[in-house]
Every structure is written in C-alpha cells, then in structure tokens.
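S.K.: generate a structure from the sequence data that follows.
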Amino acid sequence: MLGKMIAAVVAVTATVAGVGLVTSGGSDQAVVTRIVDGDTFEATLDGRSTTVRLLNIDTPETVDPDSTVQCLGPEAAARLAALIPVGSTVDLSYDDERVDGWGRTLAGVHDTGGRLVNAELAREGLGTAMVVGGNDRYLDEVTEAQEEARAAGRGLYATTVSCTVPAQVERARGTVAGLAQRASSPSPDPAQLDAAGREAVDALTVLAGLDADVRAHRAGVAWAVLSELDRARLTGVLDTASDDARTLQVRFAEQASDVREAQRLAAEQAARDAAAEQRRPAAAPAPAPVAPAAAPAGGGCDSNYTPCVPLSATDLDCGDLSGGPFRVVGTDRHRLDADSDGIGCESQG
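M.R.: Numbers count the residues shown, from 1 in each chain. Now for the predicted structure:
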C-alpha cells in the first residue's frame with residue numbers, strides 16, 4: 001500500500017512537471033469506436049477519443065510495423081471485437097499508472113455483462129499475463145484464466161492450430177512417427193528407402209531448430225505463453241523424436257543396402273541359370289512314328305508289336321517279316337529289339 005502511495009505521489013509530480021504520466025484509481029465508462037488489435041482499442045471517453053490498452057495481458061501482434069503478424073493475432077483481435085463490439089459501452093478501471101509512454105489509457109475492461117475482458121482473452125489462450133511497472137491490479141485474474149487455457153489446450157496451447165509452438169512440436173513428432181511406421185513395413189524399392197532416409201535427416205533439422213527456439217525463449221507471445229514446465233515437456237518430446245529420427249536414418253540406410261544386395265544376388269543367380277540353359281544339349285529328336293501295317297489276310301496280329309507282326313507259334317526273325325520297323329508295346333517274345341530301345345527291326349525302316 002505504501003509503495004502505491006509513493007508511486008502516486010511520484011506520478012502526480014511527474015504530471016505537474018509535464019512528463020504526462022497520470023495516476024488514478026476509480027473507473028469510467030467509454031464507448032468503443034475501433035478495435036486496433038487483440039489488446040488495444042479506441043473509444044470515446046468523456047467526449048474525447050482515446051486509445052485503451054488492456055492491463056496485464058499481451059496478445060499476439062498484428063499491427064506493429066516492426067513485427068510480422070504473430071500466431072493467432074488476427075484471432076485475438078476478432079475475439080476482442082466480439083467481446084466489446086464497436087458501439088458498445090465498457091467500464092474502464094485503472095491501476096497506479098493510467099497512461100503509458102505512448103499516451104494510451106491503461107485499463108481493466110469490463111463488458112456489458114460484467115466480464116473482465118482482459119481475463120477472457122487469456123482464458124481462450126489468446127494472450128499471456130504480463131505486468132509493466134507497478135500495474136498488477138488484474139494480474140492474478142489474468143494468470144488464473146491463462147492457466148485454464150493451458151490445462152484445456154486452448155488457443156496458443158492447442159496442438160491443432162498449425163502456428164502454435166505445441167502444434168509445431170506435435171507435427172514434427174508426427175513426422176517421425178510416420179517414418180517409423182514406414183520402416184516397420186519397408187518398401188522393396190531401395191530408391192524409396194533412400195528418400196525416407198533423407199526425410200529422417202530433414203526431420204532432424206526441423207527438430208533441432210524447434211529445440212533451440214524453445215530453449216532460447218524466442219520473442220513473441222506464442223513463445224511467451226510457455227512456462228518452464230511447458231518448455232521442459234516440449235524439449236523432452238523433441239529429444240525423444242530426435243533420437244528416433246537418428247535411429248530411423250540408420251535403419252533406412254541398412255534396409256536400402258539389404259534390398260540392393262538381395263537384388264544383386266538374384267541377378268547373379270539369373271545369369272547363372274541362363275548360362276546353364278545355354279550349355280544344356282539339345283534333346284534327341286523323337287523317333288519317327290511307325291505307320292501301322294495291315295494285318296495278314298489269313299490270321300491275327302501279335303498284340304506285343306505294332307505295326308502288325310503275325311501271330312506265330314514259332315520264333316520269327318526280322319527277315320521273316322515284311323514292313324517294319326516294329327514298336328514293342330508288350331513282351332518282345334521274338335527278340336526283334338536287339339538294342340532294347342523299344343523299336344525292333346530298325347534296319348527295315
């Protein structure tokens with residue numbers, strides 16, 4: 001209390017001296033005329049136009065000429081416009097310092113329903129609690145609302161909003177998980193395995209960049225919302241994913257090498273088979289078909305031969321027979337097949 005009294009005295013003195021720093025408690029009503037960004041708007045106050053900067057919250061930049069549009073900056077501005085539409089009346093409450101160095105009115109802003117707009121933005125994960133100087137009147141409420149957003153994974157804590165830090169980490173982790181799935185069912189194409197290995201190297205580069213950014217406390221609200229516990233958890237995820245990516249890089253290289261070796265061995269075996277086929281002798285031509293002979297007019301044919309060898313109770317020689325040669329299809333009872341190749345009387349062909 002004493003500190004705030006001293007600050008008030010100093011502020012009043014500064015005002016009298018022309019510095020322009022005004023102290024105040026109390027509250028006023030103002031009419032919103034324009035939304036500037038997620039934590040700043042213009043309003044009419046006591047018949048004069050003023051720019052109001054919300055106390056104890058910082059939302060992503062959208063209009064800073066020295067900064068790019070930050071993650072969820074447009075969404076924060078749109079949410080502020082929904083909470084306090086142009087034309088609506090708001091209550092402004094002040095802390096020790098009522099005006100900042102840019103001439104903006106510093107205030108806690110309550111909408112027509114009595115909600116503290118500063119805290120509502122934090123509750124949706126669209127800003128981070130902050131304090132400048134001694135203005136900490138709404139710090140506890142904004143911090144509590146921000147913790148709700150962190151626990152629920154809203155806004156800048158969401159893994160489903162592509163620009164947030166948690167989403168970037170999750171996306172990198174998911175890339176490595178996808179590579180692990182591919183490694184478990186490797187492609188038979190070594191070129192695809194080489195490509196997967198390169199993707200693992202690319203993933204390592206992304207992971208290393210994210211890890212450095214998380215540890216370095218980069219500027220910007222998307223990074224400022226992260227607590228030390230958040231950073232420790234995210235770097236743990238990144239470390240594990242990096243280890244996995246390095247393992248996968250080696251695994252894909254080994255798989256590609258194994259496939260190429262298998263292809264080389266298969267090609268060599270195919271060449272050996274082709275050479276053996278060329279060396280194999282040509283198959284002997286099939287014997288000419290034996291034309292069937294007519295059976296003798298006066299008797300039957302011996303069923304052991306074809307064409308017909310007449311039935312005979314006595315032994316027959318090739319010279320006793322006309323025609324031929326004769327295929328032995330049963331028992332060679334006349335011993336016509338001298339070389340046992342299944343064909344008798346071959347010289348008569």
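S.K.: please count neighbours and contacts with C-alpha atoms only from this point.
M.R.: Fine.
S.K.: give me the neighbour count for Ala167.
M.R.: 17 (other C-alpha atoms under 10 Å).
S.K.: following the host helix or strand of it, which helix or strand shows up next?
M.R.: Per DSSP states H and E: Ala167 is located in helix 165-184. Where DSSP H and E defines the elements, the next helix or strand beyond helix 165-184 is helix 190-216.
S.K.: thinking again about what came up before, what residues of the helix holding Ala167 count as buried?
M.R.: The neighbour-count check on helix 165-184 (16 or more other C-alpha atoms under 10 Å) flags 165-173, 175-176, 179-180, 183 as buried.
S.K.: and the strands in the stretch 201-349 of the chain, which stretches?
M.R.: For the stretch 201-349 of the chain, the strands defined by DSSP state E, counting those that start in this stretch occupy 305-306, 326-328, 343-344.
S.K.: check which helices and strands the last one sits against.
M.R.: Which is strand 343-344. Applying 3 or more C-alpha pairs under 8 Å, 6 or more residues apart in numbering; DSSP states H and E, one finds that strand 343-344 makes contact with strand 326-328.
S.K.: tell me the mean pLDDT for the strand it packs on?
M.R.: With pLDDT averaged residue by residue, strand 326-328 scores 85.
S.K.: that one pairs with which strands, and in what direction?
M.R.: Note on strand 326-328: by DSSP bridges, its sheet partners are strand 305-306 (antiparallel), strand 343-344 (antiparallel).
S.K.: for Val52, find the nearest of the ones you listed.
M.R.: strand 343-344 (118.8 Å; C-alpha to C-alpha).
S.K.: now the closest one: mean pLDDT?
M.R.: Averaging pLDDT along strand 343-344 gives 85.
S.K.: list the contacts of that strand.
M.R.: Gly324, Pro325, Phe326, Arg327, Val328, Arg335, Leu336, Asp337, Ala338 (C-alpha atoms under 8 Å, 6 or more residues apart in numbering).
S.K.: got the strands of the stretch 201-349 of the chain as CSV, with distance to Leu106 columns?
M.R.: Converted to CSV, these look like this (distance: least, C-alpha to C-alpha, whole Å):
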stretch, distance to Leu106
strand 305-306, 123
strand 326-328, 121
strand 343-344, 121
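S.K.: out of these, the one nearest Asp273 is which?
M.R.: Of all those, strand 343-344 sits nearest to Asp273, with 35.8 Å by C-alpha to C-alpha.
S.K.: starting at the chain centroid, how far to the closest one?
M.R.: Using C-alpha atoms, centre = their mean, to the nearest Å, the mean C-alpha position of strand 343-344 is found 79 Å from that of the whole chain.
S.K.: what do you get for stretch 129-146?
M.R.: The mean C-alpha position of stretch 129-146 is separated from the chain mean by 38 Å, C-alpha atoms, centre = their mean.
S.K.: average pLDDT across it?
M.R.: Here the average pLDDT along stretch 129-146 is 95.
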